[in-house]
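Chemist: Predicted structure and sequence below. I'll ask about it afterward.
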Amino acid sequence: MSRLFIVLAGALFGAGITVSGMANPAKVQNFLDFTGQWDPSLALVMGAALLITTPGFFWVFKQQKPRFADAFALPTKKDVDTKLILGAVLFGAGWGLSGLCPAPALVALLTGASSFLVFALAMFSGILLHKQVFEK
Amino acid sequence: MVESTLFTPWLAIIGGSLIGLAAVLLMWSKGRIAGISGIVAGALSERGEERTWRLSFLLGLFLGAILAAYFSGALAGVQSVASTPVLVVAGLLVGVGTRMGGGCTSGHGVCGISRFSQRSMVATVVFMASGAVTVFIVRHLLGEGV
């Protein structure tokens, strides 16, 4: 039963990325291009998501535990450290260069274009590289 | 080459709402953050249930995207204009950067901010600024753009 809800959550997420147009790298790069042909769509995507998750999480966290798990698994780190900043700088650079962040990069694979496959394989490599080099 | 895109407020609001619903549903059911970089990383390297629930979520993500693309036509004409070397470098940066920074647009930008996490707010401002500076350099200083 829990599996069904997790698949459904994934499906809503994938549908949201697709419908919002965020799987189109040009829309994302145009959002980041404040001095060019600015496309504010991404701000509304984030804003609408936050309008749901802010009260939604508030309500969920009033439950004693998740419906199908023993406890909520939330990040415990509180301090803003160098890794957080450097990681965000590197991610932002890759995001700006390609117009792709992880979820849209996966959805874009559905176009069948080899360029998106190249990006996804490089992204997976980066994730594994970080694990090999920095998580030892 | 710069492809112009239209501001699509209603599709953005509908899509964003679906993403928000997805994050609330995952937290309510499994107690997990819907951060895609973390979910992909776990699906690649965890074992057992820790891998299985992430693969289930990703299976759903593709199914939902296929259905939405079929009915909305949103993926028609979507292409990357970046060259292969740029895509390789960008993919590596996104992979390493999201793991080092502990999240991406979904984990920090949506889930973290709505939990009022200070780390997520800082990360979101920094990756947006970094992305904007990168686009400015590529399009306006290196002269690829308008």
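Modeler: Received it, and whenever you're ready, just let me know what you need. Residues are numbered from 1 along each chain as shown, chains lettered A, B, ... in the order given.
Chemist: so what's A:A9 up against?
Modeler: Shown in contact with A:A9 (Cβ atoms under 8 Å, 6 or more residues apart in numbering or on different chains): B:A22, B:A23, B:L25, B:L26, B:S29, B:K30, B:A34, B:F57, B:G60. Just so you know, the C-beta spots here come from the backbone N, C-alpha and C atoms, and that holds for glycine as well.
Chemist: Narrow these to just the buried residues.
Modeler: Buried members of these, counted by 16 or more other Cβ atoms under 10 Å in any protein chain shown: B:A22, B:A23, B:L25, B:L26, B:S29, B:K30, B:A34, B:F57, B:G60.
Chemist: So what does A:L8 look like in phi/psi?
Modeler: Main-chain dihedrals, A:L8, degrees, to the nearest 10: phi -60, psi -40.
Chemist: Against chain B, how distant is it?
Modeler: Using Cβ to the nearest Cβ, to the nearest Å, A:L8 is found at 6 Å from chain B.
Chemist: How about the contacts made by that residue?
Modeler: By Cβ under 8 Å, 6+ apart, the residues touching A:L8 are B:L25, B:G60.
Chemist: Distance check, whichever residue of chain B sits closest to chain A against B:G101.
Modeler: Nearest residue of chain B to chain A, counting by Cβ to the nearest Cβ: B:G95, 2.0 Å away. Distance, B:G95 to B:G101, using Cβ to Cβ, to the nearest Å: 11 Å.
Chemist: Neighbour count for these two, which is higher?
Modeler: Applying other Cβ atoms under 10 Å in any protein chain shown to B:G95 and B:G101 shows that B:G95 carries more neighbours, namely 31 against 28.
Chemist: What helix or strand is that one located in?
Modeler: If you go by DSSP states H and E, B:G95 is part of helix B:84-100.
Chemist: Sweet, I'm off.
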